[in-house]
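K.L.:
need a 3D model of the following:
(one chain, ligands or ions: 1)
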Amino acid sequence: MMKFWVHRYELKPLRAIGAVADAKPRSGALLKVAWANGNVGYSDIFPWPEYGDASIEKQIAMLAKGKLTSLVEQSIWLAKKDAAIRSEKRNAFAGITKVKNHYLISDYTKFTDDEFKNARVEGFTTFKVKVGRDLKAEANFVTEILRKHAVLIRLDFGAKTNIDQFKEFVSYLNPNNLAKIEFAEDPCPWDLVNWIDASKLLPIAIDFEADRVDFNKFQVKPPFRVVVIKPTRMDLEKTLMLVNKFALKMVVTSSLDHPVGVAHALLQASELKKFYPNTLLDCGCLTTQAYEPDEFSARVKLNGPFLKEISGTGIGFDDLWEEIEWAPVK
Ligand code: MG
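P.N.:
Residues are numbered from 1 along each chain as shown. Down below sits the predicted model:
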């Protein structure tokens, strides 16, 4: 028998988030789970209604009725991991395999040369740019970066563009720079023919569009080479089967969620890195800076593209669990 509590919160973005979301506050809830054996674990529930998730209130209401959305199911699974480590009174991040992360440019219009230089000095070598709002200007921005710096670029279209717009975007890029584009993520809504087309121009990664794909149907290689894994959203084992079957690469990212979700993503990423050192590319878990800082984000200590530490037992934040208010789910 499990018992649940939630702590509702709002995250205030410092900038717009790609073509998908503006800078309005985003709602989510921390989840506390207690098991009959006395174990207690914590995780995050952070819906993206833009991608079809039920609102946080709906997620909680369903949990109260004993119905688990896939998001909450995943959240309980992560809380269980935290609980296990917490019960051993050890820190989840002590001595784990190092994972390098990309630098996220969620709003290129606010991105300065100084910010770029600082990121380079800190050791970032891969930059992910959210695109799909102003194709020409975004392509110029990318071209300019690649003209000046020896870095790799990841483009995230978030499936907000169609195949023609994707092709148009690529046509604006300097052909000499295409090899520096590591991949283009969700270039258009999932459609086998369109994605095969897109894959002729750039290597493709699949993120949210994976929800729409019937992977059992693939006999030959799919048109994407990279799978974006969001441990707070998807079943890891199913994804790993796919990655192994088709020799794909993977990237673990946060869900641009609460620092507690970020902590879980970082932990999963480093566990995967240990077993798949060459399959796991630079990840995208360092997203706490996308929002106004708070007590939780202050605990996620970074060292350039790497996590330095999150102190405490389990995934950390020990004293904060006592400080925040919890509402029982019933
Ligand atoms: Mg994406």
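K.L.:
beyond the helix-or-strand element of the chain with minimal mean pLDDT, next helix or strand please.
P.N.:
One helix or strand of the chain scores below all others by mean pLDDT, DSSP states H and E: helix 236-246, with a mean of 89. Once the chain leaves helix 236-246, the next helix or strand it forms, by DSSP states H and E, is strand 249-252.
K.L.:
may I have whichever helix or strand comes after that next one exported as CSV, CA atoms only?
P.N.:
Beyond strand 249-252 in the direction of the C-terminus, DSSP H and E gives the next helix or strand as helix 259-275. Taking Å, rounded to 0.1, in the frame of the first residue of the first chain, the C-alpha atoms of helix 259-275 are listed here in CSV:
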residue,chain,number,x,y,z
PRO,A,259,15.1,20.7,-10.1
VAL,A,260,13.8,17.4,-8.5
GLY,A,261,13.0,16.1,-12.0
VAL,A,262,16.4,17.3,-13.2
ALA,A,263,18.1,15.4,-10.4
HIS,A,264,16.3,12.2,-11.5
ALA,A,265,17.3,12.8,-15.1
LEU,A,266,20.9,13.3,-14.1
LEU,A,267,20.9,10.1,-12.1
GLN,A,268,19.4,8.1,-15.0
ALA,A,269,21.9,9.6,-17.4
SER,A,270,24.9,8.6,-15.4
GLU,A,271,23.6,5.1,-14.9
LEU,A,272,23.1,4.7,-18.6
LYS,A,273,26.6,6.2,-19.3
LYS,A,274,28.2,3.5,-17.2
PHE,A,275,26.7,0.7,-19.3
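K.L.:
the inter-axis angle of helix 259-275 versus helix 236-246?
P.N.:
Note on geometry: by axes from the mean of the first three to the mean of the last three C-alpha atoms, to 10 degrees, helix 259-275 and helix 236-246 are set 40 degrees apart in direction.
K.L.:
show me what contacts the closest residue to Pro222 other than its chain neighbours?
P.N.:
Ranked by C-beta to C-beta, 6 or more residues apart in numbering and with sequence neighbours excluded, the top spatial neighbour of Pro222 is Phe246, at 6.1 Å. Using the backbone N, CA and C atoms, a C-beta is placed for each residue, glycine as well. Residues near Phe246 by C-beta atoms under 8 Å, 6 or more residues apart in numbering: 218, 221-222.
K.L.:
again with Met1
P.N.:
By C-beta under 8 Å, 6+ apart, Met1 lies in contact with 35-36.
K.L.:
ok, 6 Å please
P.N.:
Contacts for Met1 (C-beta atoms under 6 Å, 6 or more residues apart in numbering) come out as Ala36.
K.L.:
neighbours of Lys273, how many?
P.N.:
19 (other C-beta atoms under 10 Å).
K.L.:
next one: it from Phe306, what distance?
P.N.:
Computed as C-beta to C-beta, to the nearest Å, the Lys273 to Phe306 distance reads 11 Å.
K.L.:
cool, Asp44 as well?
P.N.:
Remark: distance between Asp44 and Phe306 (C-beta to C-beta) = 21 Å.
K.L.:
which one of these two has more residues nearby?
P.N.:
Using other C-beta under 10 Å, the more surrounded residue of Asp44 and Phe306 is Asp44, with 28 against 14.
K.L.:
beta-bridge partners for the more buried one, please?
P.N.:
Taking DSSP bridges as the rule, Asp44 bridges to Leu30.
K.L.:
I'd say it and Ser255 touch.
P.N.:
No: judged on C-beta atoms under 6 Å, Asp44 makes no contact with Ser255 at a distance of 8.2 Å.
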